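[1] turn this into a model:
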Amino acid sequence: MQPLTGLFQPENYPDLLVGLTAPDDSAVYRLNSEQAIISTMDFFPPVVDDPYAFGAIAAANALSDVYAMGGEPLMAINLVAFPDGLGLELLSEILRGGAEKVRESGAVIAGGHTVTDKEPKYGLAVTGMVHPDKIISKSGARPGDKLILTKPLGSGVITTALKNGKAEPEHVATAVASMSRLNRNAARIAQQFGVHAMTDITGYALLGHAHEMAHLSNVDFHFQYASIPWLPGARQYAEQELFAGGMFRNMEYFTEWVNFAEPIQEVERLLLYDPQTSGGLLMAVPAEQSHALCNALAAVGDESGVIGEVAPGNGKIIVK
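    Purely as a prediction, here's the structure:
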């Protein structure tokens, strides 16, 4: 159901460049020929035990949708749900983690709103800026493009293992560092190298978000499983079947658009449906720019690599 579809017709809002037609990571509203506002929000329950780390991860995740459009964040508003009786020192640490991550992005927190809830939740509403002619949407991938991923996958199974008391501390620490890392440098580099299409990898997993890009671009994506980077421990926990419920929902919904080659094992297939938190950017870039782009990402510390290519098609994902 899309109950609001009939209320807002795209032709009546010509300056809303992204938001009423094809789905994307953020809404974008044109102010003038040089400036467009990006608007997005995201919040969720804790994915790690440390409140400061949770705040930083949640903030990086919300900011990522601005970066996925090729923009820069300007300001953020805190979104908080917190139980009565839970120590306010925990909330203070969550907010401090989020605030320091927003400050790292160059943006500012300009207020917020808090409600009482049975489970803590935290995130941000973020406002950003991009040139109207430099928006990087999901829909621009072209046959022949290379597909680049800027962070390793596996945060879903690792945080699920943590919730079940089975995660090794070093695996958690590496995952927290990855989830807390801003996609700021990657987004700026994407602008420099003429990336055709881009999205960030979050709850729909690599396969779900890749399908969105491929479908909106009227192409197919071909991934090489051996080229996909993974966080330490991800396969270990997958083999223990420590998957979040979102993995099964992703698999149920997206499986009709995914084809696996025979050598891809069952555990590997399930990992590709694993929902991520504050994942990297998936970029479709002209093939002749892919090597230089990866080198530029490496120079700023982003773990990136070519994991596939774009082919003519209609939204299918092929994993070899």
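[2] residue furthest from the geometric center of this structure?
    The centre of the chain is farthest from one residue, residue 85, which by C-alpha atoms, centre = their mean lies 32.8 Å away.
[3] OK, contacts around that one?
    Not one residue lies near residue 85 by C-beta atoms under 8 Å, 6 or more residues apart in numbering. Glycine gets a C-beta too; all of them are placed from N, C-alpha and C.
[4] kindly report the same for residue 237.
    Contacts for residue 237 (C-beta under 8 Å, 6+ apart) come out as 157-158, 160-161, 166-167, 171.
[5] columns secondary structure, distance to residue 206 and neighbour count on top of those, output as TSV?
    Shown next, in TSV, are these (DSSP: H, G, I helix; E, B strand; the rest coil; distance: C-beta to C-beta, whole Å; neighbours: other C-beta atoms under 10 Å):
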residue	secondary structure	distance to residue 206	neighbour count
157	helix	13	32
158	helix	15	30
160	helix	17	24
161	helix	19	23
166	coil	23	13
167	coil	21	22
171	helix	19	20
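[6] closest to residue 189 out of the residues you listed?
    Among the contacts of residue 237, residue 158 lies closest to residue 189 (C-beta to C-beta), at 26.4 Å.
[7] which residue is the nearest non-sequential neighbour of that closest one?
    Once flanking residues are discounted, residue 158 sits nearest to residue 175: 4.4 Å by C-beta to C-beta, 6 or more residues apart in numbering.
[8] roughly how far does the one you found sit from residue 50?
    The gap separating residue 175 from residue 50 is 12 Å, by C-beta to C-beta, to the nearest Å.
[9] and residue 312, by the same measure?
    On the measure of C-beta to C-beta, residue 312 and residue 50 end up 46 Å apart.
[10] do the same with residue 65
    On the measure of C-beta to C-beta, residue 65 and residue 50 end up 24 Å apart.
[11] neighbour-wise, which of the two wins?
    residue 65 (26 against 15; other C-beta atoms under 10 Å).
[12] what's near enough to touch the residue nearest to residue 158?
    154-155, 158-159, 231, 233.
[13] run the last query once more with 7 Å
    Contacts of residue 175 were listed using C-beta atoms under 7 Å, 6 or more residues apart in numbering, and they are 155, 158-159, 231.
[14] who wins for neighbours among those?
    Top of these by neighbour count (other C-beta under 10 Å): residue 158, with 30 neighbours.
[15] what's the separation between it and residue 124?
    23 Å.
[16] ok, now residue 320?
    38 Å.
[17] look at those two and report which has more neighbours.
    residue 124 (30 against 15).
[18] just checking, that one touches residue 57?
    No - assessed by C-beta atoms under 7 Å, residue 124 is found out of contact with residue 57, at 11.6 Å.
[19] this structure: helices as residue ranges?
    Secondary structure of the chain by DSSP state H: the helices cover 51-68, 88-105, 155-163, 169-180, 184-192, 205-217, 234-239, 245-254, 266-272, 287-299.
[20] deepest-packed of the ones you listed, please.
    Of all the helices of the chain, helix 51-68 has the most neighbours on average by mean count of other C-beta atoms under 10 Å, namely a mean of 27.
[21] for stretch 267-284, measure first residue to last.
    The separation between the terminal residues of stretch 267-284, taken as C-alpha to C-alpha, to the nearest Å, is 26 Å.
[22] averaged pLDDT, it. What do you get?
    In this model, stretch 267-284 has an average pLDDT of 98.
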